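Participant: Coordinates only, no sequence provided:
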């Protein structure tokens with residue numbers, strides 16, 4: 001039986017980082033399953049899920065942590081396979097003038113209603129017709145079973161109005 005490891009990393013951005021990580025996983029007999037990576041503020045950061053036979057898990061951990069000498073800052077955690085919690089999955093899209101606190105306020109609103117963020121991507125871009133900065137967020141969220149989707153939409157729209165942003169909550173397929 002194999003183990004699933006989740007690794008997070010950050011390093012000064014330079015060519016070859018993904019190759020160095022994937023070579024290390026492959027050299028130890030691991031299988032790269034999924035990942036998310038991005039260039040952020042001159043750094044390259046990511047999270048990956050890999051699978052490894054039980055007998056090779058510690059060697060992979062050691063090999064990954066040895067990459068710190070190459071400038072990586074890593075954490076390696078074992079994932080315990082659990083089924084996703086019951087509930088309805090939604091896609092949340094948000095856009096509006098950038099200002100501090102948007103993500104904090106929206107995420108706190110979601111948490112108060114038992115909604116979990118499963119995937120989140122944010123960005124700041126110039127508005128198409130002006131030089132104003134717009135904050136964009138797209139998230140996949142999971143609401144508890146039996147949640148009133150219309151009520152959740154109403155609460156988020158009220159919060160969005162107070163924040164002067166537009167928010168859309170759509171049921172996922």
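Facilitator: Structure's in. What do you need? Just so it is clear, the structure is predicted and the values come from calculations on it, not from any experiment.
Participant: quick one, helices of the chain?
Facilitator: Here the chain has its helices, by DSSP state H, at 17-27, 57-65, 102-112, 149-163.
Participant: Switch these over to CSV; also include mean pLDDT and mean neighbour count.
Facilitator: The C-beta positions use only the backbone N, C-alpha and C, and glycine is treated the same way. Putting those into CSV (pLDDT from 0 to 100; neighbours: other Cβ atoms under 10 Å) gives the following:
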stretch, mean pLDDT, mean neighbour count
helix 17-27, 96, 16
helix 57-65, 96, 17
helix 102-112, 96, 15
helix 149-163, 95, 15
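Participant: For residue 89, find the nearest of the ones you listed.
Facilitator: The closest of those to residue 89 is helix 149-163. By Cβ to Cβ, the value is 11.0 Å.
Participant: end-to-end on stretch 118-135?
Facilitator: End-to-end span of stretch 118-135 (Cα to Cα, to the nearest Å): 19 Å.
Participant: what's the offset of that stretch from the middle of its chain?
Facilitator: 17 Å (Cα atoms, centre = their mean, to the nearest Å).
Participant: contact partners of that stretch?
Facilitator: Contact with stretch 118-135 is made by 84, 89, 94-99, 102-103, 136-142, 165, as judged by Cβ atoms under 8 Å, 6 or more residues apart in numbering.
Participant: list the buried ones in it?
Facilitator: For stretch 118-135, a neighbour-count test (16 or more other Cβ atoms under 10 Å) marks 134, 135 as buried.
Participant: pLDDT of that stretch, averaged?
Facilitator: For stretch 118-135, the mean per-residue pLDDT is 93.
Participant: Which parts of the chain are strands?
Facilitator: Here the chain has its strands, by DSSP state E, at 2-12, 31-40, 43-53, 73-79, 87-97, 116-126, 133-144, 166-171.
Participant: Figure out which of the ones you listed is closest to residue 108.
Facilitator: Nearest of the strands of the chain (Cβ to Cβ): strand 116-126, 11.3 Å.
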